[in-house]
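1. The following block contains a protein sequence and its predicted model.
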Amino acid sequence: PQRGLGVTGQDSVQAVPYRGRVFWLWGDTNLSYYPLGNFQVTAATSPLPGSETLTPERGVALEYFRDAKDNRRVRKMMPLDEPGAVWLFGLVNVKGPEGRETLVAHYSRQKQLGNVLEHGLAQFDGEAGVYRRIKQLPLAESWRFPRGNAVKTFVDDDAYVYFCQPFANVRVRADWESITNAKECEALAWSDEAKEYQWQRDTPPTTQREECKLIADGKLPQAAARYQLRDAADDQKIVIHRASINWNPFRQRWIMIGNQEGNAKSPSYLGEVYFAEAKAIDGPWTTAVKIATHPKYSFYNPRHHAFMDEDGGRVIYFEGTYTRMFSATKVPTPRYDYNQLMYRLDLRNKRLTPARD
């Protein structure tokens, strides 16, 4: 599917079913015909699962959006005049103002990693085939927007979208008016006054590191913790860098695929991948089982494609960015470096048993 387009590497995938197909997008893209690559988002579509052209074990038949002036090149999916790389995350499919499916995501224009020049909300223009700004947010706004990996579910009878970065601790009602209104976002935060976690709209979500400090300071009981993940093999604490969370009908649990933010003892800094389960989307998450390792390499921003699940969720597929970036490795893996690697995981595997709470 990449033949003739010169795509040699892509970073950080997002994918959702959209109008009868799967809509895929990536961040920075390496191109053989242009040394600087495409840094304004690359996208493609593919058939839905169940067709002969979407068989994960054999590959996915991607149809890239192509440049309107040169059909041999990929399209810049969010072309901005201002300088900087453009990234899209928190991709979600909702009904737009006209009642049709539309795609909304958070965009950021970056000078470099960690240096945001501008950010806000973007919507896919189906007629033009590009993303458009619909709202710019203050640079100080750190959590009231789509982010990480989005997943839809119900709270009582109301549909919500949860945003996992890495844990599902930000949510908003799954409708156009709410998703495009920052004031409607809710964060899961520890309340010193109530002595419990609460969904509220005033303060940022409590992170895994903040929870650890609250426990150490005696402000949060260990029994109330949500994010104290430990490796089933050696009981070492696991700090999650990024994750994808989905309901799994086979396990009858919410399952997480997350990569570890490593330490000096880890085989890699960002390349260790873990599986965990919880009864609720917001935890508690307690025990993790390592399912993939990439010694002295990186594998980050993992995403479980729930629309690819097979046999009632018994078999799942996830992928992530495989790169020597953020590692000490000087020689890249030929033809694989800075690209997406997909894994197949059979949830019947007995080695996953310790993840069961």
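-> Great, that's in hand.
2. Downstream of the lengthiest helix in the chain, the next helix or strand is which one?
-> Secondary structure assigned by DSSP state H gives helix 208-216 as the longest helix of the chain. Where DSSP states H and E defines the elements, the next helix or strand beyond helix 208-216 is strand 230-231.
3. quick one: that following strand to chain centroid distance?
-> Distance of strand 230-231 from its chain centroid, counting by Cα atoms, centre = their mean, to the nearest Å, is 22 Å.
4. Contacts for it next, please.
-> By Cβ atoms under 8 Å, 6 or more residues apart in numbering, the residues outside strand 230-231 that reach it are Gln236, Lys237, Ile238, Tyr274, Thr286, Thr287, Ala288, Val289, Lys290. In short, each C-beta sits where N, CA and C put it, glycine included.
5. Give the buried residues for the longest helix of the chain.
-> Gln208, Glu211, Cys212, Leu214 (16 or more other Cβ atoms under 10 Å).
6. Now the phi/psi pair for the closest residue to Asp346 other than its chain neighbours, please.
-> Spatial nearest neighbour of Asp346, chain neighbours left out: Val315 (5.5 Å); criterion: Cβ to Cβ, 6 or more residues apart in numbering. Per-residue torsions, Val315: phi -110, psi 130 (degrees, to the nearest 10).
7. Now for Val315: which residues touch it?
-> If a contact means Cβ under 8 Å, 6+ apart, then Val315 has Asp309, Arg344, Leu345, Asp346, Leu347 as its contacts.
8. The fourth one: how many residues sit nearby?
-> To tie it back to what came earlier, the one meant is Asp346. Other residues near Asp346 number 12, with proximity taken as other Cβ atoms under 10 Å.
9. I'd assumed Tyr317 was in contact with it.
-> No: using Cβ atoms under 8 Å, Asp346 is not in contact with Tyr317, being 10.9 Å away.
10. re earlier: and which of the buried residues of helix 208-216 is nearest to Arg335?
-> Of all the buried residues of helix 208-216, Gln208 has the smallest distance to Arg335: 35.2 Å, by Cβ to Cβ.
11. and the gap between the closest residue to the closest one other than its chain neighbours and Lys237?
-> Using Cβ to Cβ, 6+ apart and skipping residues adjacent in sequence, the residue nearest Gln208 is Tyr227, 4.1 Å away. Applying Cβ to Cβ, to the nearest Å, the value for Tyr227 to Lys237 is 10 Å.
12. so what's Gln5 scoring on pLDDT?
-> Check again: residue 5 is Leu, not Gln. pLDDT, Leu5: 86.
13. Then Gly59?
-> 81.
14. Could you give the bridge partners of it?
-> Here Gly59 sits in beta bridges with Thr55, going by DSSP bridges.
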